[in-house]
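**Student:** Following is a predicted model, sequence given first.
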Amino acid sequence: MPELAAWPVLAGRSLRVTFRNLDSLITALLLPVMVLLLFVYLFGGAINTGTAYVTYAVPGVLMLCAVYGASMTAVAVAADLNEGIVDRFRSMDLGGRTLLSGHITAATLRNLGSVAIVFAVAFAVGFRPGAGPAQWAAALGLITAFIVAMSAVSAMVGLLARTTEAASGFTFFVLFLPYPSSAFVPIHTMPDWLHGFARNQPATPVIESVRGLLLDQPVGHRPAAALAWCAGLLLVAAAFSGPLFRRRTR
């Protein structure tokens, strides 16, 4: 099977596997919604952001959705390697790039569905963005780019992990990535020693760009920084995934 034709087939396979694992699917879809409701209704009244807290928090919840959903790719890749399905694909002359592309595509589609659910719930609890069509397109483009980049890094981690349990540990690590950022509270309210990391980690420019675009506020150079982070993560994942796949399958 030509690799170009196999790519959507493998993506469809990954999606079907996801839908069969209902526990993981429900967690991936509902966790961001629960976090949104938790922060808005339990903590939002005590946090001063200069605007309605739901308006401030939605971009951060979208990033939480993206990193958690993307991190599940590590578990899926590790499971394929440990269950022997990769050897069957290799007998059909399918390379690692095609297999990983299928996982990344499936993760992106799955996570965009989760993003849509978060937006629906956010609108129901009072989220009112002021973005026009171009700003909506730019915001969704940045979210998609970040999901793709994190999914690629997650696939690389799946190649490193020897077991699915080890790969799932990556999920817990990246789940906390949006918290030390401007996702849920302004950075200036954090301890001084945390400011440098919070301002310069990958999630922050994406969150602030999406927030500015959706609220029709100036975004400055933040989208360029966000895209630079996404491109850098993709380049790292691409550089290491090929050698790691060959090492795991030789």
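**Tutor:** Arrived safely, thanks for sending.
**Student:** Would you quantify the distance from the residue nearest the centre of the chain to Gly60?
**Tutor:** The centroid of the chain falls nearest to Ala66 when counting by C-alpha atoms, centre = their mean (2.6 Å). The gap separating Ala66 from Gly60 is 11 Å, by C-beta to C-beta, to the nearest Å. For the C-beta atoms, the positions are set from N, CA and C on the backbone; glycine is no exception.
**Student:** hang on, the earlier thing: for the residue nearest to the centre of the chain, give its distance to Val118.
**Tutor:** According to C-beta to C-beta, Ala66 and Val118 sit 10 Å apart.
**Student:** try Val185
**Tutor:** 19 Å.
**Student:** So which bits of the strand or helix carrying Pro59 are buried?
**Tutor:** In this structure, Pro59 sits in helix 53-83 according to DSSP states H and E. Within helix 53-83, the residues scored as buried using 16 or more other C-beta atoms under 10 Å are 53-81.
**Student:** Under a three-state scheme, what state does the residue lying closest to Tyr56 once chain neighbours are set aside occupy?
**Tutor:** Nearest non-adjacent residue to Tyr56, counting by C-beta to C-beta, 6 or more residues apart in numbering: Thr49, 4.1 Å away. Under DSSP: H, G, I helix; E, B strand; the rest coil, Thr49 falls in the coil class.
**Student:** so Thr49 sits right up against Pro186, yeah?
**Tutor:** Yes - contact criterion C-beta atoms under 8 Å: Thr49 and Pro186 qualify, at 6.4 Å.
**Student:** Surely Ala106 touches Gly69?
**Tutor:** No - with contact defined as C-beta under 8 Å, Ala106 does not reach Gly69; the gap is 10.5 Å.
**Student:** Quick one: end-to-end length of stretch 180-195, please.
**Tutor:** End-to-end distance for stretch 180-195: 9 Å, by C-alpha to C-alpha, to the nearest Å.
**Student:** Let me know the average pLDDT across that stretch.
**Tutor:** Here stretch 180-195 scores 90 as its mean pLDDT.
**Student:** Residues in contact with it: which ones?
**Tutor:** Stretch 180-195 is contacted from outside by 39, 43, 47, 49, 56-57, 59-61, 63-64, 178, 197-199, 201, 203-204, 207-208, 211, using C-beta atoms under 8 Å, 6 or more residues apart in numbering.
**Student:** Please repeat the previous calculation with a cut-off of 7 Å.
**Tutor:** Stretch 180-195 is touched from outside by 39, 47, 49, 57, 60, 63, 197-199, 201, 203-204, 207-208, with contacts defined as C-beta atoms under 7 Å, 6 or more residues apart in numbering.
**Student:** any idea which of the residues you listed has the most stuff around it?
**Tutor:** Met63 (28 neighbours; other C-beta atoms under 10 Å).
**Student:** Now do the contacts for that one.
**Tutor:** Contact analysis of Met63 by C-beta under 7 Å, 6+ apart lists 178, 183, 203, 206-207.
**Student:** Now it. Nearest residue, chain neighbours left out?
**Tutor:** Pro178 (4.5 Å).
**Student:** And the residue nearest to the centre of the chain, how close does it get to Ala145?
**Tutor:** 10 Å.
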